[in-house]
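# A predicted structure for the sequence below; I have some questions about it.
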Amino acid sequence: MSIEKFYTTEVSTKGLTQVGATNKEVFTAKIGSLFCRIEPQGEEPVMLDEGAYFQLFRMWCEEAAIIVGDQVISGADTYIVNGVAEITGRGEDIHHLEITLALPK
């Protein structure tokens, strides 16, 4: 059974890029369309980053250029990428990504 058949949610991503010759960064489009699966991880919000509360989610998708700090956008929700794990299949090739997402409460 292939994991890809569970990728039923379409998302886009944004990543931080530097603004010209300044020390400022802004979020810009990174991946326009990526199919994945997103599921909640627990029912209670958790405290992260100096007192802010987040609901945690787990996302699975094919190998993609996603790093910690990126944003994953699904409909009206904008998640923050909190962790990325590369899952290998048989051999050393990356089979899929398992990503921890945080949704601000």
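Yep, that arrived.
# quick one: contacts for the closest residue to S74 other than its chain neighbours?
Counting by CB to CB, 6 or more residues apart in numbering, S74 lies nearest to V11, which is 4.6 Å off, once chain neighbours are set aside. Heads up, the C-betas are built off the backbone N, CA and C, glycines and all. Each residue near V11 by CB atoms under 8 Å, 6 or more residues apart in numbering is listed here: 33-36, 38, 59, 72-74.
# which ones among those map onto strands?
Assignment to strands by DSSP state E places the following of the contacts of V11 there: 33-36, 38, 59, 72-74.
# quick one: which of the residues you listed is nearest I3?
The shortest approach to I3 among the ones in strands among the contacts of V11 belongs to C36, at 10.5 Å (CB to CB).
# how many residues are close by that closest one?
Counted with other CB atoms under 10 Å, residues neighbouring C36 total 22.
# next: the one 5 residues further on.
For Q41, the neighbour count with other CB under 10 Å is 12.
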